[in-house]
Each structure stands twice: as structure tokens, then as C-alpha cells.
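**Q** test case, fold it:
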Amino acid sequence: MFNGNRVLMNTNVKYLGMSLKSPIIAGSCGLTANIDNLCKLEAAGAGAVVLKSIFEEQIIYDIKRNTHIFAPVDNYGVSYEYIAQHVADDSMAKHFDLIREAKRKLSIPVIGSINCYSYENWLTYTKHFEDAGCDAIELNMSILPYETSLSADDVERTFNNIIQTIKKSVAIPVSVKVGSYFTDMAKFMQQLSWSGIQGITIFNKTLQVDIDVEAEELRNADSLSAPEELYNTLRWTALLSRKLRCDLSATTGVSNSDDVVKLLLAGANTVQVASSLYRNGVDYMRQLNEGMQAWMQRKGYNSIDQFRGKLAVSPVEKASLVMRSQFMRYFADIK
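**A** Below is the predicted model:
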């Protein structure tokens, strides 16, 4: 926040039906997995925090690791189901303990994040997160088209089935975090916004793959987002923000306060940051907020609503024509 002669801007926003003191949210990552960081993020001005995702695969791994059940299940007879459920409950309890502690110590909204692959666990985990006290849920739905047997219709049907089941089962706001792997991005995002969810987050960061040419094997690439990744997020934020019937949160490629301002101008309700916090520390949240407020003061804006969406594509505009106009304007300047 500002001190001295600087005027405090009104940075309050509404997101998923909740009141936030800042549009800048700490996105789901390892930094949001412990209470000390969560408290520091709130003190630095975060409008909300999205807790580190609970991954169904991690629960399955914990079952195998803690029970040493890497051998066939048949070796353990009927006791396996009991043991596995006990270990799963214990593993998930750590996540729920963090939620309860965060709700006791924080005054900002606490948003749970879930990433599953089996249909039934989307519902099970979501109910548990609601019961533990989460203010909202972000469904991290990373369904990638890696299989040749998987069609676009299959992916969209899976999204809709999961969303409709969860919406009927929980009372807290539900948002969906998606990737950019859709053949009909604009149409499907609009359809998702009509499904009754309260928000869409674009985009989740997928695993990047590299190759070690000496070892001749696949390996993971840098998992942090790069500044140039902002442009794809920025484009789709501008295209979608005024065409959705739900809130839009933008993330991936956000490096500084100018990036935050750009996404707000494009129409994002909130901006989520993670990689920049890894690079600069959790207190960097303070610099992001101060930089945003300094820009607002310089431009004469007293609130976020005065400029949010100023550069978004309007609902009556043909998005393809707007993008082509930008394309032609750029190339017309080439000598």
C-alpha cells in the first residue's frame, strides 16, 4: 500500500461473488502450500489465495508409498481397500488442515484447487474442500488431447459432465481453470460460462517437455512461465472477457505490475501470479500492488472499474475482424 503523499487507490473488486481488496491473486503453486507464505501474501496485499492443487495421482502415490503396495493388490486380500482408504484419508487430511488453518488466520478468501482424472473423485474432493471451509473451488481441469482416441467432443463432454455434477453438489462458487488446447476456444469458453460456473481461469501451465541429447531421454523443461507467454493470455482475455457470463481470471506470463494492468485493461476480473513470486519472493506481491496503484494514480483512475475492460473486444464486434485489423495495422508499417 502507499504511504506519505501518495493517494490510496480503490482497488476493490468482485470475483466469484466475493469482495477482494485487490485484483491480484496468489495462484495455485507450491508457495501457497504452507501457512507462513499465505500470511505473508495477505500482508503483501494479495486479494485472495488459491491453495496448491490436490492431485489425485499424489494421493494414489501416497497410498502405494505408505503401504508399500507396489506388489499386486491380490497379495493383500480384502484388507487392501481398508488400508488404502485410511492412507488416502490421512494424505488428504493435510490439505484440509491447511484450509482450516488458513481460514482461521486469513481475512482474504481462500480458494481450493483440485486436479483429478477419475470422475468420482472430482466430486468427492470438492465436497471435502467445501466442508473444510474453502470460500470457493477452482477446478484445475487439465485434459490434454494426447490420445488419438480422444476427440474434441469427448473432451468437452467430460468438462460439462464434471461441472454439472459438481454444481449440483456444492454451494460455494466454482471456477474452472483451463488450458488453451481447444479447437473452438471462443465458442467452448462461452458455453462453459453458460453452465452455471462463477468463473474461468486462463490458462493453466502444462508440463513442458525437453530432450537431453546426450542421455537421449525425455526430461522436464523449466516449469515457470516465461514473460512472452503473457501474449497468448492477453489475446484471449481481450477476446473473451466481455463475451462470458462469468468472471474471468487471467494467469501465465505475468512478470510485473505492467502485465497486471494490461490484463485488467483487457477485461480480466482478477490476475493470478505464481512464477513471478517464485523468482522474486512472496513479498513481490507488494510491488505488484504498488506498481498497479502507481499506474492508476498517474492515469487519474480512482478505482479498477474505471479502466477494467477498456481494451476488451466488445460483444458486438467480430473478434476475427478486430484481430485482422491489428494484423494489418502492424504489417502496413513494414517498409
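**Q** where does residue 155 fall, helix, sheet strand or coil?
**A** Using DSSP: H, G, I helix; E, B strand; the rest coil, the structure places residue 155 in helix.
**Q** where does the residue lying closest to it once chain neighbours are set aside land on pLDDT?
**A** Nearest residue to residue 155, sequence neighbours excluded (CB to CB, 6 or more residues apart in numbering): residue 143, at 5.4 Å. The way it works is simple: take the backbone N, C-alpha and C, and place the C-beta from them, glycine included. On pLDDT, residue 143 comes in at 77.
**Q** ok, residue 143 - contacts?
**A** For residue 143, the contacting residues are 155, 158-159, by CB atoms under 8 Å, 6 or more residues apart in numbering.
**Q** wait, a strand at it?
**A** No - under three-state DSSP, residue 143 falls outside any strand and is assigned coil.
**Q** what subset of the contacts of residue 143 is buried?
**A** Among the contacts of residue 143, those classed as buried by neighbour count (16 or more other CB atoms under 10 Å) are 155, 159.
**Q** adding distance to residue 304 and pLDDT, write the contacts of residue 143 out as a markdown table.
**A** As requested, the contacts of residue 143 are exported to a markdown table (distance: CB to CB, whole Å; pLDDT from 0 to 100):
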| residue | distance to residue 304 | pLDDT |
| --- | --- | --- |
| 155 | 34 | 87 |
| 158 | 35 | 89 |
| 159 | 30 | 91 |
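**Q** immediately after the host helix or strand of residue 93, which helix or strand?
**A** In the assignment (DSSP states H and E), residue 93 maps to helix 79-105. For helix 79-105, the following helix or strand on the C-terminal side (DSSP H and E) is strand 110-115.
**Q** strand partners (parallel or antiparallel) of that following strand?
**A** Take DSSP bridges as the rule and strand 110-115 pairs in its sheet with strand 48-50 (parallel), strand 54-55 (parallel), strand 136-140 (parallel).
**Q** of those, which is nearest residue 304?
**A** strand 48-50 (14.4 Å; CB to CB).
**Q** surely residue 207 touches residue 218?
**A** No - using CB atoms under 8 Å, residue 207 is not in contact with residue 218; the gap is 10.7 Å.
**Q** need the residues touching each of the two.
**A** With CB under 8 Å, 6+ apart as the test, residue 207 and residue 218 reach no residue in common.
**Q** now residue 292: which helix or strand?
**A** Here residue 292 is assigned to helix 284-299, by DSSP H and E.
**Q** what does residue 245 give?
**A** Residue-wise, residue 245 maps onto no helix or strand under DSSP H and E.
**Q** likewise residue 171?
**A** Using DSSP H and E, no element contains residue 171; it sits outside every helix and strand.
**Q** can you check residue 14 too?
**A** strand 13-15.
**Q** give me the contacts around whatever helix or strand comes next after that strand.
**A** Using DSSP H and E, the helix or strand that follows strand 13-15 in sequence is strand 18-20. If you take CB under 8 Å, 6+ apart as the criterion, strand 18-20 is touched by 12-14, 47-48, 108-109, 135-136, 173, 270.
**Q** what's the neighbour count on residue 179?
**A** 18 (other CB atoms under 10 Å).
**Q** mind jotting down where the strands sit in the stretch 201-335 of the chain?
**A** Here the stretch 201-335 of the chain has its strands, by DSSP state E, counting those that start in this stretch, at 209-212, 217-220, 247-250, 270-273.
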